[in-house]
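S.K.: Generate coordinates for the sequence data below:
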Amino acid sequence: MGMYEDAFRASTEDPENFWLTAAEGIDWDVTPQRALDSEGAPFYRWFPDGRLNVCFNAVDRHVEAGRGEQPALIYDSPVTDSRRTYTYAQLRDEVATFAGALAQLGVGHGDRVVIYMPMVAEAVISMLACARIGAVHSVVFGGFAPRELALRIDDAAPKVVVSASCGIEGNRVIAYKPLLDRAIELTVHKPEKSVILQRPQEPAELGPGDLDWSGLVAAASPADCVPVAATDPLYVLYTSGTTGKPKGVVRDCGGYAVALHWSMDAVYDVGPGETMFTGSDVGWVVGHSYIVYAPLLAGATTILYEGKPVGTPDARQFWRVADEYRVKTMFTAPTAFRAIRKEDPKGALAADYDLSHLRYLFLAGERLDPETYHWASALLGVPVIDHWWQTETGWPIVANPVGIEAAPLKPGSPTLPLPGWDVRVVDASGRPAPPGVDGAIVVKLPLPPGALPTLWNDDNRYISSYLSAYDGYYLTGDSGHIDDDGYVFVMGRTDDVINVAGHRLSTGSMEEALAAHPDVAECAVIGVADALKGQVPRGFVVLKAGTGRDPRKVEAELVQLVRERIGAVASLKDVAVVAALPKTRSGKILRRTMRGIADGRDEPIPSTVDDPGVIDVLRPVLRRSGNTP
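M.R.: Coordinates of the predicted model:
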């Protein structure tokens, strides 16, 4: 691993030179002479004297380099039985026109645009159009309910919302316009206009503040790229916090472009003209980074897939996509492969397709279980690479850097820290943990380019959430250990944010919804291990004294309440009414103890427990059939 070690050492010992060299892969309007600005520490800034346009780097420069006819974006939708390929030249023209439409609505440099759309090409076009004119986009996953959307609109304060008449989830058509209308009713901040893409599956009735996408574009003039400071925000992406209010992760333009461009070669081994298929959603960070920006920055071909790994209509779709578009690198969540394996245990459907161009399968979003790793490895005969990162980091922290030098794989480990990420494991007092001993996983500051510089309009929360636990380190919120070979093992979350099928969701937000029910006195939501989704939430509620209602009816109402407030993506389908919740003497609910028992572990009872008998009564409920993997 000499080449990897040289690269890692260079990134930590001389980050200035390392990242200025990486920045040469980006076209700059003003080339940066400095890489890192530490003057405002802990608010570090990358390439402070540079100016660029990310849309130009993602689209226009490839056209100018003579590759305008190369496929840039392939939209593949089994749920609508439609496909479309956009060359780089076609994508540039579509983006420039919609950017002009936004500009005519008064959207300019620094203005925010909320994008609430399904997996359609217009979602990507909207993102790039914002980047083209220096606006800041904030994409909200289309599955979120009005209240969650309203929270994000109020925080981002967008001038315009871009949405669609409907989305398609499996066999269901979901009308987006009523959800958007309700969200705007709930907001304090009222966007000036909403642009609606009409889909034939369910057109929407437009109101006085609504504009039809097609009509708006037809009357628009193309907009040129607007150079911005490298430190200007490109987007705000909200991630679940440990309270009800989501955290707006800020992504800057220069550092993000440099890091993503560098990662495409170093991590994913994808270059110009090659094809990457990332099975995710543009509403999540994986979609932002590795459906939209990174492949296009690299001049590759990227696939936007509107469908599921199974059920749209079957478990062969990922293989069909890989064959049809000659995919070199595939990236999705372990949940997708668990679903495929459940439907097709022997992998027989893959035999119908030519997968000879597939070189790598990357998995992330939750811990990769050994069964899925071995099944996919045996089926595909290519490296199955677990890697670990977060919404906050924007690109992988720990991975197998196959584009630099492939490391031997160890099941259960996402492999090695990538250059730029000085990963440590510390104990509760902040001292380094010995090899093999679990502790809090932290990253030594400064974080590399591409990671969040702060939270949107909330510097104090950025410090309190990530930088206050251990001086000089970023707290990842995950626990694990590093072995004698330097391999990182990520064992689980240390807070109440859980991973459900690759989606980070706050149990605190779910508890907030349960607590709003008039019959609920107190509640707890925990993430329980699930063989398919990695984790699923389970709710436990104590009813108010004197409530004489049928507990089953209350449980059903609570499931529906969470669905209405957060959306189906929350996946909370199991709520149990219990007599009491286990607590410490200071009144803290023992969620970790509950989670351990539910996962089938012989969880020790903390000495601080107030009433051990409560746990004894709750134990059979926690361990009832079907809850353990």
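S.K.: only C-alpha atoms for contact and neighbour calcs from this point on.
M.R.: Will do.
S.K.: I'd like to know which elements the host helix or strand of Val525 is packed against.
M.R.: Under the criterion of DSSP states H and E, Val525 resides in strand 520-530. Helices and strands touching strand 520-530, by 3 or more CA pairs under 8 Å, 6 or more residues apart in numbering; DSSP states H and E, are helix 507-515, strand 534-543, helix 591-598.
S.K.: repeat that for 6 Å
M.R.: Using 3 or more CA pairs under 6 Å, 6 or more residues apart in numbering; DSSP states H and E, the elements in contact with strand 520-530 are strand 534-543.
S.K.: Point out the other helices and strands that the strand it packs on packs with.
M.R.: strand 497-500, strand 520-530, strand 575-577.
S.K.: hmm, try it at 10 Å
M.R.: The contact analysis (3 or more CA pairs under 10 Å, 6 or more residues apart in numbering; DSSP states H and E) places strand 534-543 against helix 334-343, strand 497-500, strand 503-506, helix 507-515, strand 520-530, helix 551-565, strand 575-577, helix 612-622.
S.K.: Could you dump the ones you listed into a markdown table with distance to Asp224 added?
M.R.: Below are those laid out as a markdown table (distance: least, CA to CA, whole Å):
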| stretch | distance to Asp224 |
| --- | --- |
| helix 334-343 | 39 |
| strand 497-500 | 40 |
| strand 503-506 | 35 |
| helix 507-515 | 41 |
| strand 520-530 | 47 |
| helix 551-565 | 40 |
| strand 575-577 | 53 |
| helix 612-622 | 58 |
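S.K.: tell me the contacts of Glu343?
M.R.: Shown in contact with Glu343 (CA atoms under 10 Å, 6 or more residues apart in numbering): 310-311, 314-316, 337, 349.
S.K.: Over to Pro71?
M.R.: Pro71 is in contact with 85-91, 273-275, 299-303, counting by CA under 10 Å, 6+ apart.
S.K.: how about a cut-off of 6 Å?
M.R.: Contacts for Pro71 (CA atoms under 6 Å, 6 or more residues apart in numbering) come out as 86-87, 301.
S.K.: For it, give the beta-bridge partners.
M.R.: Thr87 (DSSP bridges).
S.K.: what about the nearest residue to Gly403 once chain neighbours are set aside, how many residues close to it?
M.R.: Spatially, and ignoring its direct neighbours in sequence, Gly403 is nearest to Ala266 (4.1 Å; CA to CA, 6 or more residues apart in numbering). For Ala266, the neighbour count with other CA atoms under 10 Å is 20.
S.K.: Setting aside sequence neighbours, what's the nearest residue to Ile133?
M.R.: Ile133's closest residue in space is Val226 (CA to CA, 6+ apart), at 5.1 Å.
S.K.: Just say helix, strand or coil for the one you found.
M.R.: coil (DSSP: H, G, I helix; E, B strand; the rest coil).
S.K.: is it true that it touches Ala131?
M.R.: No: Val226 is beyond contact range of Ala131, at 8.4 Å (criterion: CA atoms under 6 Å).
S.K.: Which one's more surrounded, those two?
M.R.: Neighbours of Val226 and Ala131, each counted by other CA under 10 Å, are more numerous for Ala131; the result is 29 against 19.
S.K.: quick one: average pLDDT of the strand or helix carrying Arg251?
M.R.: For Arg251, the host element (DSSP H and E) is strand 247-252. The average pLDDT within strand 247-252 is 97.
S.K.: same deal with stretch 35-49?
M.R.: Mean predicted lDDT for stretch 35-49 stands at 97.
S.K.: Endpoints of stretch 297-304, how far apart?
M.R.: Terminal residues of stretch 297-304 lie 16 Å apart, using CA to CA, to the nearest Å.
S.K.: Off-centre distance for that stretch?
M.R.: 18 Å (CA atoms, centre = their mean, to the nearest Å).
S.K.: Now tell me what touches it from outside.
M.R.: 57-58, 71-75, 261, 271-277, 295.
S.K.: taking those one by one, which sit in strands?
M.R.: Taking DSSP state E as the definition of strands, the contacts of stretch 297-304 contribute 71-75, 275-277.
S.K.: Extract the residue ranges of the protein that are flagged as low pLDDT.
M.R.: 1, 240-244, 492-498, 504, 506, 584-588, 607-608, 625-629 (pLDDT under 70).
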